[in-house]
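J.: My questions concern the predicted model and sequence given below.
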Amino acid sequence: MTETEALVEEYADLIAEYRTWLRQFEDARAKKWENRLRAEDHTEAAICEAAVWLVLRKEGCEVDPAESLSAGGPDFMCRKGRIESYVEAACITKPKATDETGLSDFPQSRVEAGFYTLMTKGFFQKVTGKTRQCSSLGAPAIVAIATLHFNASARCFRRNAVAQLLTGKTCVTIPIGLDGGTIARQIHESTRLELAAFLRPSSDPLEAMEHARSPVSALLLCGLGCNPPNVVGVLHPNPNHPLDRLLLPNIPFVRLVDGYKRGSMHTEWI
């Protein structure tokens, strides 16, 4: 059995449920997804698309296809009453997750200490690549980034692992030239906003930072390889179209606390 065949067998129930849903719409839409599912390089992406759809449905949302078969666009339109948002599904494949984190995909018989890298760079690259796709929409847009990788799902989609998407990579800053009695009080965390999803250094010399990728209202990070899956959200501090949290009320979202423009980079979960 090939790896592709094994994946299709592992997620057979999900695939069958999504296939049934897709067949309500144009034949060409279902055929396009089936072709991706059978293509070795796109099987994981097709399964992640189906899994994101299921996450939205479990939140009580009405979900319809939104992608134009000729012009592209986000995968889904997600509604709950008068609240709505576009959702674009993106996949980080198992090999890509292994390369980025240094983690094996295989479950371990026991938890062992070891070095690994978070998936901040992969998340950043995905949201950057999807921003233009969300730029002309008249409603909030969520980029849902998913992986089927077991250990990456278990470790890199937890709350403490995703906050750097808002603050950028942080480091400990130690001032030079102070006497030993005061240096401890001056040690602090700082950031250059490297890999921050929604902020960047400002081009205005009077401002420290500016907002970036504002067409994307939020990220939905879906670690689908572990059971139960790790699913969390990241809110843009100043998007073109703010996301109404009542759309996905059971999923925790992280946001920047007021004061971030003055350099107080703190986050909170809501």
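T.: Thanks, I have it.
J.: Okay, helices next: where are they in the chain?
T.: 3-10, 12-22, 27-38, 43-58, 94-101, 120-130, 150-156, 159-162, 164-167, 180-186 (DSSP state H).
J.: for these, which one sits closest to Asn250?
T.: Asn250 lies closest, by CB to CB, to one member of these: helix 43-58, at 8.3 Å. Yep, even glycine has a C-beta here, placed from its N, CA and C like the rest.
J.: now the angle between helix 94-101 and the closest one, please.
T.: 90 degrees (axes from the mean of the first three to the mean of the last three CA atoms, to 10 degrees).
J.: still on that earlier bit, which one of the helices of the chain lies nearest to Cys226?
T.: Closest approach to Cys226 among those is made by helix 150-156 (4.3 Å; CB to CB).
J.: Show me what that closest one is packed up against.
T.: Here helix 150-156 touches helix 94-101, strand 218-223, going by 3 or more CB pairs under 8 Å, 6 or more residues apart in numbering; DSSP states H and E.
J.: which of these sits most buried?
T.: Highest mean neighbour count among the helices and strands packed on helix 150-156 (mean count of other CB atoms under 10 Å): strand 218-223, with a mean of 27.
J.: can you list contacts of it?
T.: 48, 51-52, 55, 87, 123, 127, 140, 142-147, 152-154, 156-157, 162, 165, 197, 229-236, 239, 243, 248, 251, 253 (CB atoms under 8 Å, 6 or more residues apart in numbering).
J.: Just the buried residues of these.
T.: With burial judged by 16 or more other CB atoms under 10 Å, the buried subset of the contacts of strand 218-223 is 48, 51-52, 55, 87, 123, 127, 140, 142-147, 152-154, 156-157, 162, 165, 197, 229-236, 239, 243, 248, 251, 253.
J.: Go through the chain and flag its longest strand.
T.: For the chain, the strand reaching the highest residue count under DSSP state E is reported as strand 83-91.
J.: quick one: contacts of it?
T.: Here strand 83-91 has contacts from 44-45, 48-49, 52-53, 56, 63, 66, 73-78, 126, 129-130, 133-134, 137, 139-147, 217, 220, 243-244, 246-247, using CB under 8 Å, 6+ apart.
J.: about what we covered before: include mean pLDDT when you put the helices and strands packed on helix 150-156 into JSON lines, please.
T.: Formatted as JSON lines, the helices and strands packed on helix 150-156 follow (pLDDT from 0 to 100):
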{"stretch": "helix 94-101", "mean pLDDT": "97"}
{"stretch": "strand 218-223", "mean pLDDT": "98"}
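J.: Of the ones you listed, which is nearest Glu26?
T.: It is, among those and with distance given as CB to CB, strand 218-223, at 25.7 Å.
J.: what angle separates that closest one from helix 120-130?
T.: Going by the same axes, to 10 degrees, strand 218-223 makes 130 degrees with helix 120-130.
J.: ok, strand 218-223: who's next to it in the sheet?
T.: strand 141-147 (parallel), strand 230-235 (antiparallel) (DSSP bridges).
J.: And the helices of the chain: which comes nearest Met209?
T.: Closest among the helices of the chain, using CB to CB: helix 164-167, at 10.7 Å.
J.: Give me the contacts around that closest one.
T.: In contact with helix 164-167 (CB under 8 Å, 6+ apart) are residues 118, 120, 123-124, 170, 191, 193, 195-199, 219, 234, 237, 254-256, 265, 267.
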